[in-house]
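# I'd like to go over a predicted model; first the sequence, then the structure.
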Amino acid sequence: MQHTAQSIKGIAGDFPILDQKVNGHPLIYFDNAATTQKPGQVVEALRRYYEHDNANVHRGIHELSNRATRAFENARTRAAAFINARSAEEIVFTRGTTEGINLVANSWGAKFIKAGDKILLTEMEHHSNIVPWQLLAQRTGAQLAFLPVNGDRGLLDLTRLSDSLTPDVKLLAMTHISNTLGTINPVADFCEHARKRGIVTLIDAAQSAGHRPLDVQEIGCDFLVFSGHKMCGPTGIGVLYGRGELLEQMPPYQGGGEMILSCDFYETTYKKPPHKFEAGTPDISGAIGLQAAMNYLDEIGRNNIAHHDQELGAYAFEKLSSMKGIRLFGPTIGRAGLVSFLLNGVHAHDVVTVADQRGIALRGGHHCNQPLMRKLGVESTARASFYFYNTTAEIDRFVEVLREIQKFFGA
Ligand code: C6P
């Protein structure tokens, strides 16, 4: 990271929540893949909105409503620039990654997926990128297929891709970064293969949007989804990017206010995308907070964040590799800023519980990756996931605590 250790300290100052003791120890927050902390700048944007501009959008002609509408639509334009979409019309605000995928499955899927079609996923998908497709397959008679993960190292085999992209495959939906393995998938390559065969692509960017530069045109995907709360933004807001021509062809996802052009007792005409997909009062403050988060991340520099992530990921992986009695998951090199592991003879939940007693926030469980866990032959893992406010000194302390845990459990 171009930022020195000192300037990282400066960044940590933007996060008052990190400056506290938990169970008598300085908090080390290593649960960033679940949700990240929010800088003062985001909290302040929410406060300012509620204290000065709060009103409903797209409805009033009074000043506050105009201000709220402008701020909400500015946030959309900002989100488009953040991922290099061609226009703000390609940005649909959602509640998060999960809702974005459900929207595509229910709208695009309902119109374009038919019995006998195949939906291609990978074995490392989060439940959010499996269950909506199962529901769609059950409704339509389509089938699911999965690109295999090559065991504990957690890589997808690109050479197997061509064989899997058979003419019946209509959609490839896959994660950019695995929340359990830390694998960074070369999504642009996958999308290029799919595009050549006319297959629609969806990228789950839940774990990448706040961690590295994202360019939907460079990736070449048709849909991309992410959550604000995993990138310094508020909970309850997310983005669905959809390629303009596809959004135009898709039916509404939900019906209600805000998405209609004209409504009669028996029929309705809809607004154009993206508003066609945003029924009801949206999360106005969420979008404004998300814009503040995007500005904040770009001030730090997303390349800097990616570099820092990779440094911490590699450092932690190396430190853990030198321990005895540990099983590590995910790639040995080129990994994202998280490590998943099991200590021999110690349940992941016990690792997390004892770490919490030392002030370290980890996550233990299946991480909404149950099919992957079964493939790996485990029920759960313990996971430490990092962000730009974390340091190597915190990782050193974390490793020390893991050694204490091994001693305590006689492992
Ligand atoms: N993973 C974790 O790993 P939502 O809940 O909609 O904001 O995000 C869902 C989601 C989708 N895809 C991936 C790759 C994810 O990692 C997640 C969320 C969290 O701790 C919660 S299981």
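That came through, no problem.
# where does the most far-flung residue of the chain relative to its centre land in three-state SS?
Here the chain reaches farthest from its C-alpha mean at residue 265, the gap being 39.8 Å by C-alpha atoms, centre = their mean. Three-state call for residue 265 (DSSP: H, G, I helix; E, B strand; the rest coil): coil.
# Would you mind listing what in this protein touches the ligand?
33-34, 96-98, 126, 128-129, 175, 179, 204, 206-207, 227, 363, 367-368 (C-beta under 6 Å from any ligand atom). (Glycine included, C-beta is placed from N, CA and C.)
# Any of those buried? List them.
Buried members of these, counted by 16 or more other C-beta atoms under 10 Å: 33-34, 96-98, 126, 128-129, 175, 179, 204, 206-207, 227, 363, 367-368.
# about what we covered before: next, the residue farthest from the centre of the chain: phi, psi?
The phi/psi pair for residue 265 (degrees, to the nearest 10) reads phi -60, psi -40.
# And for the one 5 residues further on?
Backbone torsions for residue 270, taken as degrees, to the nearest 10, come to phi -100, psi 160.
# which residue ranges form the strands in the stretch 1-150 of the chain?
All strands of the stretch 1-150 of the chain, identified by DSSP state E, counting those that start in this stretch, fall at 21-22, 25-26, 28-29, 91-94, 118-122, 143-147.
# Does the last one pack against any helices or strands, and if so which?
Strand 143-147 is packed against strand 118-122, helix 131-140, helix 161-164, with contacts defined by 3 or more C-beta pairs under 8 Å, 6 or more residues apart in numbering; DSSP states H and E.
# Which stretch among the ones you listed approaches residue 317 most closely?
strand 118-122 (21.6 Å; C-beta to C-beta).
# And the contacts of the closest one?
113, 129-130, 133, 136-137, 142-149, 156, 164-166, 168-175, 185, 199 (C-beta atoms under 8 Å, 6 or more residues apart in numbering).
# partner residues bridging residue 200?
residue 171 (DSSP bridges).
# for the stretch 51-200 of the chain, what spans make up the helices?
Under the criterion DSSP state H, counting those that start in this stretch, the stretch 51-200 of the chain contains helices at 63-82, 97-104, 110-112, 131-140, 161-164, 187-196.
# which of these sits most buried?
Highest mean neighbour count of the helices of the stretch 51-200 of the chain: helix 97-104, a mean of 25 (counted as mean count of other C-beta atoms under 10 Å).
# In ChimeraX, select just the buried ones from the contacts of strand 118-122.
Selection of buried members from those for ChimeraX, criterion 16+ other C-beta under 10 Å:
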select :113,129,130,133,136,137,142,146,147,149,156,164,165,169,170,171,172,173,174,175,185,199
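# where does this structure have its least confident helix or strand?
helix 5-12 (a mean of 56; mean pLDDT, DSSP states H and E).
# sorry, back to before: select from the helices of the stretch 51-200 of the chain the stretch with the lowest mean pLDDT.
For the helices of the stretch 51-200 of the chain, mean pLDDT drops lowest on helix 161-164, to a mean of 92.
# residues in contact with that one?
120, 145, 147, 190, 193.
# starting at the chain centroid, how far to stretch 309-328?
23 Å (C-alpha atoms, centre = their mean, to the nearest Å).
# For it, which residues meet the burial criterion?
Buried, per 16+ other C-beta under 10 Å, within stretch 309-328: 309, 310, 312, 313, 314, 315, 316, 317, 319, 320, 326, 328.
# Nearest to residue 373 among those?
For these, the residue nearest residue 373 by C-beta to C-beta is residue 328; the value is 15.0 Å.
# Could you check how far that closest one is from residue 340?
Going from residue 328 to residue 340 by C-beta to C-beta, to the nearest Å gives 7 Å.
# same check, this time on residue 43
Residue 43 sits 31 Å away from residue 340, going by C-beta to C-beta.
# So which bits of stretch 272-284 are buried?
Quick answer for stretch 272-284 (16+ other C-beta under 10 Å): 273, 274, 275, 276, 277, 278, 279, 282, 283, 284.
# what does that stretch contact?
Applying C-beta under 8 Å, 6+ apart, the set of residues contacting stretch 272-284 is 49, 56-58, 68, 71-72, 76, 88-93, 95, 103, 107, 234, 236-237, 240, 242, 244, 247-248, 250, 252-259, 270.
# filter the residues you listed to the buried ones?
Buried among the contacts of stretch 272-284 by 16+ other C-beta under 10 Å: 49, 56-58, 68, 71-72, 76, 88-93, 95, 103, 107, 234, 236-237, 240, 242, 247, 250, 252-253, 258-259, 270.
# moving C-terminal of the helix or strand where residue 356 lies, what's the next helix or strand?
Secondary structure from DSSP states H and E places residue 356 in helix 348-357. Downstream of helix 348-357, the next assigned helix or strand under DSSP H and E is strand 360-361.
# Name the surrounding residues that touch that following strand.
Residues contacting strand 360-361 (C-beta under 8 Å, 6+ apart): 22, 25, 27, 28, 29, 30, 31, 355, 397, 398, 401.
# of the residues you listed, closest to residue 223?
residue 31 (27.5 Å).
# residues near the closest one, how many?
Neighbour count of residue 31, defined by other C-beta atoms under 10 Å: 20.
# mind checking how far the spatially closest residue to residue 37 that is not a sequence neighbour is from the ligand?
Counting by C-beta to C-beta, 6 or more residues apart in numbering, residue 15 is the residue found nearest to residue 37 once chain neighbours are left out, at 4.8 Å. Separation of residue 15 from the ligand (C-beta to the nearest ligand atom, to the nearest Å) stands at 19 Å.
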